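# Make a model of this:
(2 chains, ligands or ions: 2)
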Amino acid sequence: MTANRVPVLPRGVRCHHDKVRDANVLLAPEKVLMLDGTGHAILTSVDGNRSLDRIATHLAEVYAAPKSAILGDVIEFLDDLAAQRLIDYADG
Amino acid sequence: MAETVRIPAPLALLAELTHRCPLSCPYCSNPFELIARERELDTDTWADIFRQAAEIGVLQLHLSGGEPASRRDLVELVEAAREAGLYVNLITSGIGLTRERLEALDAAGVDHIQLSLQGVRAETADYIGGYKGGFDRKMRVADQIAEIGFALTLNAVMHRHNLDDLPRTLEMAVEMGARRIEVACVQFQGWALKNRGMLQPSRAQVYTAKATVAEARARYRGVLAIDFVPPDYFADYPKPCMGGWGSTGLNIAPDGTVLPCHAAETIPDLTFQNAKDTPLSEIWYNGAAFNAFRGTDWMPELCRSCDRRDLDFGGCRCQAMALAGDPAATDPICRKSPHRALVDAAIEADTVPAPGQQFEYRKL
Ligand code: SF4
Ligand code: SF4
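Numbering: from 1, shown residues only, chains lettered A, B, ... in the order given. Ligands and ions are numbered 1, 2, ... in the order given. Presented below is the predicted three-dimensional model:
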């Protein structure tokens, strides 16, 4: 089941708070991605232990929103990063 | 009326730590007049520059050269950059990196390594780099990079002599454990322009390469991210050079000269400031060279009234200088440029190799 996959940030990719622009960014090889609130919330929940499903549960609690919708957003966002090799999946 | 240009904070700094390099690639982006070791900035000055860069908004630092490993203080420089809060990318040929040094660089916090590739076998690679044994040494360094687990991009510079090896180049990137490859066709500035007749690929090679890249992007999805820089002579529109002059990043030469791009010194009449004497923020926001081609005021009418002007910013200023003799001209690559015929003529002339032609290697 795809929601059991565990996303992890590989070496060379890290979150950073940009003080000058007062923004959260993802730093990666030859890339700086400006993160919106959702992107930042998802990426800071990626800790190498939580599965996609557990990340969605966690965010649903924090934002008091329906988990099913959040899970879809989480998978879409992280799958796109995985296609660019900016995150990896370990099997849960 | 003159427009007011809102100047964004810079995102990237390319630090050319040294011009020294064991290789002598005939397309090297260093200038003809290379800066000698005695004139290189010292460790503390670079460390101060890194702090200033972070303060004005730079997020990513590219440690480049020449060969940055030729600096004995490379590990200290990486430590200083990380302390300043920068993401550190090391751009290297691999020559001069031992296992021990790589481990020290790892401990110092290098975020990512970009390893250059001159060719997929010793014969081609050592001919291009002008350095015998270079390929074998590079392959050993690549193994060590993988063993330590650095994030790796393979940076393959492509031209007539290796474009046919593109499929193997991509395979090698995967075998090395690179997550990303840059397939960068040579851009004709400086040394590369001198050697254009030896480097320009044929039209057929370019078509095949484009098809190979399209197919490989699908096949290696999620395995290898592929960035492709096609040769611009074969394009209809120029590239958005530097994402727009003075908009994204700065380059600092080994002696501290601050440049809007690595080739900016080929434009006469521009004056450059030195980071030893002037704060970086002053140079970025008020420096004459940085303001010379910001915004759209400097553009010829052809570009100013064009709907692509915010996509390509009129192309490369250094190329306009080199081919049209005017840094404020429309990039001659553009089909609408009155100078485009020069580019078409160059393609015709260059892709029929002259007998007995030789590389003019970069030299100190
Ligand atoms: S392009 Fe070649 S010669 Fe120039 S710095 Fe890089 S490795 Fe050295
Ligand atoms: S005319 Fe100028 S802005 Fe328009 S496509 Fe050509 S180079 Fe770009």
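# For the stretch 1-150 of chain B, just list every one of the strands.
B:12-16, B:60-64, B:87-92, B:112-117 (DSSP state E, counting those that start in this stretch).
# What pairs with the first one, parallel or antiparallel?
It stands for strand B:12-16. strand B:60-64 (parallel), strand B:249-252 (parallel) (DSSP bridges).
# quick one, which of those is packed in tightest?
Greatest average neighbour count among these goes to strand B:60-64 (a mean of 24), per mean count of other C-beta atoms under 10 Å in any protein chain shown. Glycine gets a C-beta too; all of them are placed from N, C-alpha and C.
# where's that strand relative to the chain centroid, distance-wise?
The chain centre lies 11 Å from the centre of strand B:60-64; the measure is C-alpha atoms, centre = their mean, to the nearest Å.
# can you give me the mean pLDDT across it?
Strand B:60-64 shows a mean pLDDT of 98.
# Can I get it in CSV, CA atoms only?
The C-alpha coordinates for strand B:60-64 follow below in CSV (Å, rounded to 0.1, in the frame of the first residue of the first chain):
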residue,chain,number,x,y,z
GLN,B,60,24.0,28.6,-2.0
LEU,B,61,27.8,28.8,-2.4
HIS,B,62,29.5,27.1,-5.3
LEU,B,63,33.2,26.5,-4.6
SER,B,64,34.8,26.4,-8.0
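# which residues are contacting it?
For strand B:60-64, contacts defined as C-beta atoms under 8 Å, 6 or more residues apart in numbering or on different chains pick out A:27, A:30, A:32, B:11-17, B:50, B:53, B:74, B:77-78, B:81, B:86-91, B:114.
# anything in that strand near ligand 1?
No - judged by C-beta under 6 Å from any ligand atom, strand B:60-64 stays clear of ligand 1, getting no closer than 7.7 Å.
# Just want the angle from that strand to strand B:112-117.
40 degrees (axes from the mean of the first three to the mean of the last three C-alpha atoms, to 10 degrees).
# Next, the buried residues of stretch B:111-126.
B:111-120, B:122, B:125-126 (16 or more other C-beta atoms under 10 Å in any protein chain shown).
# Any residue of stretch B:204-223 touching chain A?
Yes - contact of stretch B:204-223 with chain A (C-beta under 8 Å from any C-beta of the partner chain) involves B:221-223.
# Name only those of those residues that count as buried.
Buried among the residues of stretch B:204-223 next to chain A by 16+ other C-beta under 10 Å: none.
# I figured B:Ala84 was touching B:Ile49, is that so?
No - between B:Ala84 and B:Ile49 there is no contact under C-beta atoms under 8 Å: 9.2 Å.
# Please say which of these two ends up with more neighbours.
Under the criterion of other C-beta atoms under 10 Å in any protein chain shown, the comparison of B:Ala84 against B:Ile49 puts B:Ile49 first, with 24 against 19.
# Distance of the more buried one relative to B:Leu14?
Distance, B:Ile49 to B:Leu14, by C-beta to C-beta, to the nearest Å: 12 Å.
# Common neighbours of the two, please.
B:Ile252.
# Which parts of the stretch 201-350 of chain B are strands?
Using DSSP E, counting those that start in this stretch, the strands of the stretch 201-350 of chain B run over residues B:225-229, B:249-252, B:258-259.
# what lines up beside the last one in the sheet?
Spelled out, it's strand B:258-259. Next to strand B:258-259 in the sheet, as set by DSSP bridges, lie strand B:249-252 (antiparallel).
# same deal with the first one?
Note on strand B:225-229: by DSSP bridges, its sheet partners are strand B:180-185 (parallel).
# List the buried residues of stretch B:87-106.
Going by neighbour count (16+ other C-beta under 10 Å), the buried part of stretch B:87-106 is B:87-97, B:102, B:104-106.
# contacting residues around whichever helix in chain B runs longest?
Using DSSP state H to define each element, chain B has its longest helix at helix B:203-219. Contact with helix B:203-219 is made by B:158, B:160, B:163-164, B:166-167, B:170, B:183, B:185, B:201, B:224, B:226, B:228, B:230-231, B:234, B:347, B:351, as judged by C-beta under 8 Å, 6+ apart.
# got the residues of the stretch 1-150 of chain B near ligand 1?
Residues of the stretch 1-150 of chain B that fall close to ligand 1, judged by C-beta under 6 Å from any ligand atom: B:21, B:23-25, B:28, B:30, B:65-67, B:93, B:116.
# can you pull out the strands in chain A?
Ranges of strands in chain A, per DSSP state E, are A:6-8, A:14-18, A:23-28, A:31-35, A:88-90.
# how deep is B:Gly57 tucked in, by neighbour count?
Neighbourhood size, B:Gly57 [other C-beta under 10 Å]: 17.
# measure the closest residue to it other than its chain neighbours to ligand 2 for me?
Nearest non-adjacent residue to B:Gly57, counting by C-beta to C-beta, 6 or more residues apart in numbering or on different chains: B:Ala9, 3.0 Å away. From B:Ala9 across to ligand 2, the span is 25 Å (C-beta to the nearest ligand atom, to the nearest Å).
# And for B:Thr43?
Using C-beta to the nearest ligand atom, we find B:Thr43 at a distance of 42 Å from ligand 2.
# give me the number of residues near that residue?
14.
# Next up, phi/psi of the nearest residue to B:Ala125 once chain neighbours are set aside, please.
Nearest residue to B:Ala125, sequence neighbours excluded (C-beta to C-beta, 6+ apart): B:Gly119, at 3.5 Å. Dihedral pair for B:Gly119: phi -180, psi 170, per degrees, to the nearest 10.
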